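K.L.:
pasting the structure only:
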């Protein structure tokens with residue numbers, strides 16, 4: 001079996017590649033940038049392709065049995081996803097696993113949630129075997145976005161609110177994706193993916209405080225203040241998109257139900273990782289990086 005991973009140089013896609021390789025699945029990774037392909041693990045085939053340039057996709061999609069599709073946050077996310085589904089169908093791909101989002105009531109006004117709806121519809125109508133995964137907010141977002149704020153300023157800046165999210169480890173998402181490819185019974189299914197704990201902004205700060213041995217405070221729920229800071233790091237359209245997402249989180253949360261956990265057990269096959277363990281894992285990495293010592297693997 002050979003699986004094409006789209007977005008395989010990102011944080012989630014790279015975990016999917018790791019899970020597939022450990023299971024003995026052949027992997028091809030697509031990226032728009034040839035330089036990014038140079039850092040792929042040994043044995044992973046790299047191909048240059050661009051979802052916004054469909055003419056580049058035929059060679060990339062030909063000869064694979066499955067496709068893992070993750071569409072990056074983009075103003076053209078819907079067009080990119082539709083191009084991938086079309087290319088997969090034309091190449092005769094047998095199975096497509098799509099990383100979408102939860103769709104609780106009232107969340108479809110968030111642009112990068114709304115953008116996924118036409119992609120999902122096209123997947124269902126494609127005639128291909130498919131599985132749709134709906135993960136909660138990732139633990140790894142803190143690792144990617146929050147090191148400087150936490151370590152240098154003692155603040156956890158992501159304004160996720162005080163209602164709570166059942167945040168999930170992207171390694172659990174990768175394992176669920178692997179199982180969707182190699183196990184029977186997942187075709188035509190859609191699975192929520194959540195962590196076991198209800199996590200608030202305050203709880204994240206408390207957890208960092210515990211493992212750092214000093215106070216880390218939550219930056220709070222002021223979305224105007226967050227947007228002013230974020231505009232220096234990302235384009236205006238992205239700030240607006242994420243602000244709507246955080247506003248939804250603050251008002252409604254994103255908390256898994258017992259039925260959600262029952263459904264995800266069918267594809268994950270075990271209990272999900274805990275947030276506390278994740279923070280215990282990354283804090284020593286950050287401390288070594290700041291001290292100038294390389295991470296220990």
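P.N.:
Received, thanks. Note that the structure is a prediction, hence the values are computed from the model and not measured.
K.L.:
Now residue 106. Its backbone dihedrals?
P.N.:
Main-chain dihedrals, residue 106, degrees, to the nearest 10: phi 90, psi 0.
K.L.:
Please tell me how far it sits from residue 63.
P.N.:
42 Å (CB to CB, to the nearest Å). Backbone N, C-alpha and C define where each C-beta goes, glycine included.
K.L.:
hey, where'd the strands end up in the stretch 151-297 of the chain?
P.N.:
For the stretch 151-297 of the chain, the strands defined by DSSP state E, counting those that start in this stretch cover 155-156, 189-193, 217-218.
K.L.:
Residue 24 is nearest to which of the ones you listed?
P.N.:
Each of the strands of the stretch 151-297 of the chain has some distance to residue 24 by CB to CB; the shortest is strand 189-193, at 23.0 Å.
K.L.:
And the helices in the stretch 51-200 of the chain?
P.N.:
Remark: helices assigned in the stretch 51-200 of the chain by DSSP state H, counting those that start in this stretch are 58-61, 77-90, 111-114, 116-125, 140-145, 147-153, 170-182.
K.L.:
What is the third one packed up against?
P.N.:
Put plainly, it is helix 111-114. With contacts defined as 3 or more CB pairs under 8 Å, 6 or more residues apart in numbering; DSSP states H and E, helix 111-114 has these neighbours: helix 236-252.
K.L.:
that older thread, among the helices of the stretch 51-200 of the chain, which comes closest to residue 200?
P.N.:
Of these, nearest to residue 200 by CB to CB is helix 140-145, at 13.2 Å.
K.L.:
Using neighbour counts, pick out the buried residues of the closest one.
P.N.:
Judged by neighbour count using 16 or more other CB atoms under 10 Å, the buried positions of helix 140-145 are 140, 142, 143.
K.L.:
Stretch 213-228 now?
P.N.:
Those would be 216, 218, 219, 220, 221, 223, 226, 227, for stretch 213-228 by 16+ other CB under 10 Å.
K.L.:
Wait, the fifth one touches residue 162, no?
P.N.:
Yes - Residue 221 is in contact with residue 162 according to CB atoms under 8 Å; the separation is 6.9 Å.
K.L.:
Show me whatever sits in contact with both of the two.
P.N.:
201, 250 (CB atoms under 8 Å, 6 or more residues apart in numbering).
K.L.:
bridging residues for residue 138?
P.N.:
On the basis of DSSP bridges, residue 138 is bridged to residue 168.
K.L.:
number of nearby residues for it?
P.N.:
Neighbour count for residue 138, taken as other CB atoms under 10 Å: 21.
K.L.:
Mind pulling the model confidence for it?
P.N.:
On pLDDT, residue 138 comes in at 97.
K.L.:
I'd guessed it sits against residue 171; true?
P.N.:
No - when contacts are counted by CB under 8 Å, residue 138 is not listed as touching residue 171 (9.9 Å).
K.L.:
Could you export the buried residues of stretch 213-228 to a markdown table, including columns for distance to residue 76 and pLDDT?
P.N.:
A markdown table is the format used below for those (distance: CB to CB, whole Å; pLDDT from 0 to 100):
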| residue | distance to residue 76 | pLDDT |
| --- | --- | --- |
| 216 | 37 | 98 |
| 218 | 34 | 98 |
| 219 | 31 | 96 |
| 220 | 33 | 97 |
| 221 | 31 | 97 |
| 223 | 25 | 97 |
| 226 | 25 | 95 |
| 227 | 23 | 96 |
